[in-house]
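Q: Whatever this is, show me its structure:
(2 chains)
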Amino acid sequence: MMRFVLRRAAQAVGVLALVLTAVFFSFRLAPGDPARLVAGLGASEEAVARVRAEMGLDRPLAAQYLSYLEGLARLDLGRSTLYGRDIAGAIAKSLPATLALAASSLLTALVLGIPAGIVSALRPGSMLDRLASTLSVALLSIPNFWLGMLLMSGFAIRLQWLPAGGSGTLATLVLPSIAVAARLVALFSRTARSALLEVLGQEYVRTAVAKGLRPATVVLKHALRNASIPIVTLLGLQVGYLLGGSVVVESLFSYQGVGFMLITAAGARDYAMVQSLTILYVATFLVVNLLVDLAYARIDPRIQYR
Amino acid sequence: MSSPYAWIRSTRPTRTLAWPLTLLATSVLLLFAACPALTAQARTSLVVAQEVPVVELDPLAGYINAPSPYEVGLVLFDNLVAFDEQLHVVPSLATGWSVSADGRTWTFHLRKGVKFHDGTEFDAQAVKFNLERYMDPQLNPLNRPLWDPLQAVDVVDRYTVRIVTKFPFPTLLNTLAHGSASMVSPAAVKRYGKEFERHPVGTGPFKLARFDPGSTVVVERFDEYWGPKPGVDEITFRYVPDNSARVGLLLAGQADVITAVTPQDAVRLSSTGGITVISRPTLRTVGIGFSFLHPALKDPKVRLAFNYAVDKAGIVKAIFLGQADVLDSPVAPDATGHLAVGAHPYDPQRARELLREAGWIRSGSGLVEKNGEPLSVTLITAEGAYPNDIQVVQAVANQLRAVGVDVRVLKVDKAGYWDYLKVPARDVKFDMFIWAFNPSNGDGGYTLSSLFKSNPDDQGVPLVWNIGRYRSARVDQLLAEADRTMDPQARERVLGDAQKALMEDNPYIWLYAERRITAVRGDVRGVSLLPTLFTNLRAVSR
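A: Numbers count the residues shown, from 1 in each chain, chains lettered A, B, ... in the order given. Here you go, the predicted model:
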């Protein structure tokens, strides 16, 4: 097990290094001159050259890359031209808001999606199942920004129950969470349904029922545990969506998390910030996937990692 | 329906699932119940949702992301003189001024008893400190045409300042009224250094309360303000990038003023009770520039043909729902020096004739050709650099195609648009480009100089915004004359001649002057719009 963890961690570091390198060079090769931007559009060539030297952009690419890696190791991501402060500090300030959004969306998705999937699986073809299935298709096909706009117009503008934007209070979390969670609710409910249907047909479930166990125990303890592998897999895969989806939704609701920051930084050509956030996103994705793999073994003892 | 799980249905286990569903329903209800209280606001505060983030508030360099920081600057700072809504220059921190006969020495009399937000006093020394800071090209590389003509600032006595210019400089007052000429506290600049941009201190009606760069600026009423007291205690400027999100905040009552409303939203908001929509023509002119590096576009007949081929009124009507004004000159109607020299009307037939006269003959494919080569151009645009830019470019491209021009539209990232345009000749990847210019000092001469003065070197990076590398000795001479002509009427005549010359040369397809639209909740009064794009909240009350 330990060997597996180490191997996967090493793999993750490798992938991260590749991404780091790709991101670093693609930003350097993109058109545009960050020095000119910092110096000001009316700046003389000498002023631009001075800023370029200050920013270290006049050095060879390889030297820039090395000092970038070195800074990264010290968690010094550089200075944001947009926010005028150190990037790590700026990200640390916005990260809790995004984590809150991701957590509440995920929680909503789990709490609504899995019970819906269970109910559907227990009564396939019933009114309830068909309703859940129709709803799922609808939720899957609505883009999250569009749903966000619908929610805003209904709950914030017409009913005025919830704020239309902003961040920092519990209330501002509700509509963005629903907008992000909608697709996940549908996915979890569909996955839970099909996984449970498969498990419910297995011999050991029949045995459990025959032993006289309570139906709830059979479903929740025996069947659901075995059905949870695909659900956990889905969970890992959807972290990417959670992060990506939050960018659009945060911008729509002017919810000030890292997604909002990413959009703002990209618009203002704050390359260092965009670069750091891209890497943060990739790193999060890698870590979650590792955790998912480890969770498999915990859920199903038959899964052995070597 | 037969299936392997059919047996379990009879046991009805769903009853036991009631608890998680109940828990969920309760928590959702609780969340909803908690909300209205959290959205309430104090009575005399105001929330303004802006489309651009405010990241620094030093007038010296803080205004790259116009217009939002200018709008905050308007309530934090005063200038020696100010623009009124018609862009006339009126007294502010200077109560009066006079200019010497040679047009080079200006004397300004200052208002007495004015305090900066940090308690220090505003006087002639403060003016000298500020102007010298702006004149320094090292400190202030932005807006050099506004500052380079200044030579010296002398303190005459405590409340009198003398400004000497290198040559007669007719637009000095425009420079002093410009947003980047605000008077800030010298004590605060010395105290904070580079960090002054996070701790702006002026003499304006509001002082800074909280500044979260890239997100929120909160200002509160300055009780020792020398002028009329503001009608609200506090203004919060919030960055809300999404157009529909700003509208949503206004409709939900979370914002009182929203900037950069689209024409489409303006129609909707106009018919909503309790909302006032303010739309005002601005000085920002939008056009499609020609690159003079393209051999075919060097022919004035071809440029004129292109101008006739484009239906400007149709674009304004269809894309802006009438919320823009077709240009009758390279300069917007409200700018100083504007002369209506007439637009080229939409006349595709005339465009085809002109192309034929220039030797471009229609071929079987429907395209015009010369020596077997089609007339091909690449038209570059960003999406979102200007309102509806991509739609405008598509419309122009389609109309040019209709007269036989092979147009390829090249769309690039909005953030990097300038980087594609301001490049040496060898790196130019376009033949035409969409471009807009807002002369933020209110002067049409600034537009003409910025866009049409010949570049020192046509192979190098364009010096200002003459991106197409247009070159005309006559226009250069007229603009140089306008730069030094003190008599306003004589100067307008010279600028008028320059506009006529440009309208004959057509270095651009002139399109329209933008209108700026701001929407305000009904109980908010005193919001006005300056033609320089800025929403002015100095006189706001509710």
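Q: Identify the residues contacting the residue positioned nearest the centre of chain A.
A: Centroid-nearest residue in chain A, with C-alpha atoms, centre = their mean: residue A:243, separated by 2.7 Å. For residue A:243, the contact set (C-beta atoms under 8 Å, 6 or more residues apart in numbering or on different chains) comprises A:98, A:102, A:259, A:281, A:284-285. C-beta coordinates here come from the backbone N, C-alpha and C atoms, glycine included.
Q: do the same with residue B:321
A: Taking C-beta under 8 Å, 6+ apart as the test, what residue B:321 contacts is B:263-264, B:266-267.
Q: same question, residue B:196
A: B:58, B:184, B:188-189.
Q: Inside strands: which ones of those residues?
A: With DSSP state E as the criterion, strands contain none of the contacts of residue B:196.
Q: Kindly reformat the residues you listed as JSON lines containing pLDDT, neighbour count and distance to chain A.
A: JSON lines is the format used below for these (pLDDT from 0 to 100; neighbours: other C-beta atoms under 10 Å in any protein chain shown; distance: C-beta to the nearest C-beta, whole Å):
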{"residue": "B:58", "pLDDT": "92", "neighbour count": "23", "distance to chain A": "11"}
{"residue": "B:184", "pLDDT": "97", "neighbour count": "26", "distance to chain A": "18"}
{"residue": "B:188", "pLDDT": "97", "neighbour count": "19", "distance to chain A": "17"}
{"residue": "B:189", "pLDDT": "96", "neighbour count": "19", "distance to chain A": "17"}
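Q: now, the most widely separated pair of these?
A: B:58 and B:188 (10.2 Å; C-beta to C-beta).
Q: Where does pLDDT dip in the chain?
A: Defaulting to chain A. By pLDDT under 70, the weakly predicted segments of chain A are A:31-32, A:39-44, A:304-306.
Q: Actually, chain B is the one I wanted.
A: In chain B (pLDDT under 70), the answer is B:1-43, B:62-64.
Q: ok, 80 please
A: B:1-43, B:61-66, B:141-145, B:179, B:415-416, B:463 (pLDDT under 80).
Q: how close does the residue in the stretch 351-500 of chain B positioned nearest to chain A get to residue B:429?
A: Nearest residue of the stretch 351-500 of chain B to chain A, counting by C-beta to the nearest C-beta: residue B:419, 3.6 Å away. Going from residue B:419 to residue B:429 by C-beta to C-beta, to the nearest Å gives 11 Å.
Q: Just the element for residue 131, please.
A: I went with chain A, as the question did not name one. Assessed by DSSP states H and E, residue A:131 sits inside helix A:127-141.
Q: please go with chain B instead
A: helix B:124-135.
Q: ok now that helix, how far from the chain's centre?
A: In terms of C-alpha atoms, centre = their mean, to the nearest Å, the centre of helix B:124-135 is found 26 Å from the chain centre.
Q: Run through who's touching that helix.
A: B:60, B:80, B:93, B:108, B:110, B:116, B:120, B:139-140, B:147, B:150, B:153-161, B:163, B:180-186, B:189.
Q: what about residue 292, how many neighbours?
A: The chain I'm using is chain A. Burial of residue A:292 is recorded as 17 neighbouring residues (other C-beta atoms under 10 Å in any protein chain shown).
Q: um, chain B though
A: By other C-beta under 10 Å, neighbour count at residue B:292 equals 18.
Q: Can you classify residue B:278 as helix, strand or coil?
A: strand (DSSP: H, G, I helix; E, B strand; the rest coil).
Q: May I ask you to confirm that it is in contact with residue B:519?
A: Yes: applying C-beta atoms under 8 Å, one finds residue B:278 in contact with residue B:519, separated by 7.4 Å.
Q: Of those two, give the one with the bigger neighbour count.
A: Neighbours were tallied for residue B:278 and for residue B:519 using other C-beta under 10 Å; the higher tally belongs to residue B:519 (28 against 17).
Q: Now for that one: which residues touch it?
A: B:247, B:250, B:257-258, B:261, B:265-266, B:269, B:275-278.
Q: Now secondary structure and distance to residue A:129 too, for those residues, in TSV please.
A: Conversion of those to TSV gives the following (DSSP: H, G, I helix; E, B strand; the rest coil; distance: C-beta to C-beta, whole Å):
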residue	secondary structure	distance to residue A:129
B:247	helix	40
B:250	helix	43
B:257	strand	50
B:258	strand	45
B:261	coil	46
B:265	helix	42
B:266	helix	47
B:269	helix	44
B:275	strand	46
B:276	strand	52
B:277	strand	49
B:278	strand	54
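Q: top of those by neighbour count?
A: Neighbour max across the contacts of residue B:519 (other C-beta under 10 Å) = residue B:258, 30 neighbours.
Q: shared neighbours of residue B:58 and residue B:188, which are they?
A: Counting by C-beta under 8 Å, 6+ apart, the contacts common to residue B:58 and residue B:188 are B:196, B:200.
Q: quick one, helices of chain A?
A: Secondary structure of chain A by DSSP state H: the helices cover A:2-29, A:34-39, A:45-54, A:61-73, A:87-122, A:127-141, A:144-151, A:171-200, A:203-210, A:215-217, A:224-252, A:258-267, A:271-299.
Q: Please name whichever of those is nearest to residue B:371.
A: That would be helix A:2-29 among those, by C-beta to C-beta, at 38.0 Å.
Q: Give the buried residues for that closest one.
A: A:8, A:12, A:16, A:19-20, A:23-24 (16 or more other C-beta atoms under 10 Å in any protein chain shown).
Q: can you tell if that helix touches chain B?
A: No: Helix A:2-29 lies apart from chain B when judged by C-beta under 8 Å from any C-beta of the partner chain; the minimum separation is 11.4 Å.
Q: Mind jotting down where the helices sit in the stretch 201-350 of chain B?
A: Assigned by DSSP state H, counting those that start in this stretch, the stretch 201-350 of chain B shows helices spanning B:243-251, B:263-270, B:300-309, B:312-320, B:348-357.
Q: distance between the fourth one and the chain's centre?
A: In this case it means helix B:312-320. 20 Å.
Q: now do the shortest one
A: In terms of C-alpha atoms, centre = their mean, the centre of helix B:263-270 is set 21 Å apart from its chain centre.
Q: which parts of stretch B:332-348 are buried?
A: B:332-339, B:341, B:343-344, B:346, B:348.
Q: wait, which of those residues is closest to residue B:445?
A: Of all the buried residues of stretch B:332-348, residue B:445 sits closest to residue B:337, with 5.5 Å by C-beta to C-beta.
Q: so how far is residue B:326 from that closest one?
A: For residue B:337 relative to residue B:326 (C-beta to C-beta), the value is 19 Å.
Q: likewise residue B:111?
A: For residue B:111, the distance to residue B:326 equals 42 Å [C-beta to C-beta].
Q: again with residue A:208
A: Applying C-beta to C-beta, the value for residue A:208 to residue B:326 is 79 Å.
Q: With residue B:202 instead?
A: Residue B:202 is 39 Å from residue B:326, by C-beta to C-beta.
Q: Residue B:168 too?
A: Using C-beta to C-beta, residue B:168 is found at 35 Å from residue B:326.
Q: again, but for residue B:477
A: 29 Å.
Q: Show me which of these two is the more surrounded one.
A: Comparing residue B:477 with residue B:326 by other C-beta under 10 Å, the one with more neighbours is residue B:326, at 18 against 14.
Q: Unless I'm misreading it, residue B:329 sits right up against residue B:335, doesn't it?
A: No: in this structure residue B:329 lies outside contact range of residue B:335 using C-beta under 8 Å: 9.3 Å.
Q: got the residues of the stretch 201-350 of chain B near chain A?
A: B:213-215, B:238-242, B:244-245, B:248-249, B:251-254.
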